[in-house]
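Colleague: coordinates for the following, if possible.
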Amino acid sequence: MKNIISLARIAIVIALGIGLISCAGTKSDVETQSENGSPSPAEKTLDKPDATGNTKIDNFVEDGFKLLAEVQEMKKNFAEANETLNSINAHPIGPVDWMKDELASGVSNSKNSLSSGEVVDPTAAVKEKLSDLLNVSKETMSSLESLLSHTEALLKALPEMPAEAKTLGMKAPKALKAIKSTGNAIKAVPEELKAAGAEGELVIAGIEELLSSIGN
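Modeller: The predicted structure is shown next:
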């Protein structure tokens, strides 16, 4: 995936997201907290609002929370891969001896195991582990484009939601609250994806570098 295209699309999404929910012309509490250094909406664990009774709003909220879950899964995958890389790189001897320690402690996730008592080649085992990690990281990275498209679609739909809430009469305030909390979280997604994509590129490069160094 080309960085220039991804960054351009992120810029578009950010532009679309500016000011989409601004009921009173002032910054929301969540936006103010983000500027002060507190976790962004996409970093927080949000409770999904209850159904409002309006199909468009409820579908918007459902799709929004699906997006947020996918973003968190992407971040989790890269964080776990990065943790493994850091552990390997911190080993005083090298990747193969790191794997020897892993195998000896019985915590290796390699397809090869010691459960049947066979002798495992640590060089082959660490290559397999890193190859699996590389495949997962590349697969995770490939979802960035679809997540950007999903974000763009939701941000385009966001301005239509307050009008839908007005059709609910006395239930309108509840619906507006659901729209606002979901919308604020979605507006934080572009930066989350930008950071995750950058981390993913570093992780993939780090794994490939390690793989090329083993056995040489």
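
Colleague: shouldn't residue 65 be in contact with residue 181?
Modeller: No. Applying C-beta atoms under 8 Å, one finds residue 65 not in contact with residue 181, separated by 10.2 Å. In this view, the C-beta of every residue, glycine as well, is placed from N, C-alpha and C.

Colleague: neighbour count winner among those two?
Modeller: Comparing residue 65 with residue 181 by other C-beta atoms under 10 Å, the one with more neighbours is residue 181, at 20 against 17.

Colleague: can you pull the pLDDT of the residue positioned nearest the centre of the chain?
Modeller: Ranked by distance to the mean C-alpha position of the chain (C-alpha atoms, centre = their mean), the top residue is residue 71 at 2.9 Å. Model confidence at residue 71, given as pLDDT, is 96.

Colleague: and the one 4 residues further on, by the same measure?
Modeller: Confidence per residue is given as pLDDT, and for residue 75 that number is 94.

Colleague: what of residue 7?
Modeller: Residue 7 is assigned 45 on the pLDDT scale.

Colleague: tell me the contacts of the residue nearest to the centre of the chain?
Modeller: By C-beta atoms under 8 Å, 6 or more residues apart in numbering, the contact list for residue 71 reads 42, 147, 189, 192, 193, 196.

Colleague: okay, and the helix or strand of this structure with the least pLDDT?
Modeller: Between all helices and strands in the chain, the lowest mean by mean pLDDT, DSSP states H and E belongs to helix 29-35, at a mean of 37.

Colleague: which parts of the helix or strand that comes right after that helix are buried?
Modeller: Next in sequence after helix 29-35, counting helices and strands by DSSP states H and E, comes helix 55-89. Buried residues in helix 55-89, defined by neighbour count with 16 or more other C-beta atoms under 10 Å: 57-58, 60-61, 63-65, 67-68, 71, 74-75, 77-78, 81-82, 84-85, 88.

Colleague: put the alpha carbons of the following helix or strand past helix 55-89 into CSV.
Modeller: Sequence order places helix 95-105 as the next helix or strand after helix 55-89, per DSSP H and E. Extracted in CSV, the C-alpha atoms of helix 95-105 (Å, rounded to 0.1, in the frame of the first residue of the first chain):
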residue,chain,number,x,y,z
PRO,A,95,16.9,-14.6,17.9
VAL,A,96,17.9,-18.3,17.9
ASP,A,97,18.9,-18.2,21.5
TRP,A,98,15.7,-16.3,22.3
MET,A,99,13.7,-19.1,20.8
LYS,A,100,15.8,-21.6,22.8
ASP,A,101,14.7,-19.8,26.0
GLU,A,102,11.1,-19.8,24.8
LEU,A,103,11.1,-23.5,24.0
ALA,A,104,12.8,-24.3,27.3
SER,A,105,10.2,-22.4,29.2
